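> heads up, no residue letters with this:
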């Protein structure tokens with residue numbers, strides 16, 4: 001039984017690696033860092049600065065764009081007909097480095113948890129495609145996407161600043 005589990009895990013890892021998670025040039029361009037939060041806000045191709053700002057810790061602010069519906073590419077995982085993406089910025093105004101990997105995003109579509117869509121070819125690498133840490137007075141831009149039905153539906157997205165029981169912070173609650 002242990003060998004079967006290891007074989008399944010190895011196959012899953014090969015599938016994810018084959019999808020190019022976190023290794024796309026476009027994904028690298030989306031998950032960019034800027035020297036200051038002000039410089040990030042001035043980038044014309046980055047829309048999250050027009051969105052909602054949420055404090056997620058001492059001096060750390062997460063800015064979230066409005067949702068953007070798109071059709072995932074053939075290389076996206078999982079393969080779905082429609083997804084909704086959010087562009088985000090982490091502005092670290094604290095004195096300590098912030099690790100984006102400690103963020104836990106959850107999307108709920110009409111009462112059921114939605115899967116995160118990784119579509120690196122279109123610039124949606126998820127949190128796994130970002131840098132390891134955001135140094136003090138630095139910013140990080142990235143995008144996440146979630147699978148949704150092809151029809152209009154309700155969507156609620158929350159984030160927990162760490163996986164160790166922090167209170168969920170609402171990022172979006174509406175129709176997409």
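Cool, the structure landed. Here the structure is a predicted model, which means the values were calculated and not measured.
> where along this structure do the helices fall?
Under the criterion DSSP state H, helices of the chain are mapped to 2-18, 25-30, 37-42.
> now the strands for this protein?
33-34, 52-57, 60-64, 68-70, 83-92, 104-109, 112-113, 116-117, 138-147, 154-160, 169-175 (DSSP state E).
> quick one, which of these is nearest to residue 76?
In terms of CB to CB, the element of the strands of the chain nearest to residue 76 is strand 116-117, at 5.6 Å. Bear in mind the C-beta positions are built from the backbone N, C-alpha and C, glycine included.
> so who does residue 157 touch?
86, 105-108, 146, 170-173 (CB atoms under 8 Å, 6 or more residues apart in numbering).
> okay, it and residue 71: tell me how far apart.
20 Å (CB to CB, to the nearest Å).
> where does pLDDT dip in this protein?
Flagging of the chain using pLDDT under 70 yields the residue ranges 1-50, 163-165.
> again, only this time at 90
For the chain, the stretches with pLDDT under 90 are 1-52, 54-58, 99, 101-104, 120, 123-133, 142, 160-169.
> residue 64 reaches residue 51, doesn't it?
Yes. With contacts counted by CB atoms under 8 Å, residue 64 reaches residue 51, the gap being 4.7 Å.
> rewinding a little: same list, the strands of the chain, but as a markdown table with distance to residue 125 please.
Below are the strands of the chain laid out as a markdown table (distance: least, CB to CB, whole Å):
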| stretch | distance to residue 125 |
| --- | --- |
| strand 33-34 | 14 |
| strand 52-57 | 20 |
| strand 60-64 | 17 |
| strand 68-70 | 14 |
| strand 83-92 | 11 |
| strand 104-109 | 13 |
| strand 112-113 | 20 |
| strand 116-117 | 10 |
| strand 138-147 | 7 |
| strand 154-160 | 17 |
| strand 169-175 | 18 |
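> could you measure residue 155 against residue 91, distance?
Taking CB to CB as the measure, residue 155 falls 25 Å from residue 91.
> neighbour-wise, which of these two wins?
More crowded of residue 155 and residue 91, by other CB atoms under 10 Å: residue 91, with 24 against 19.
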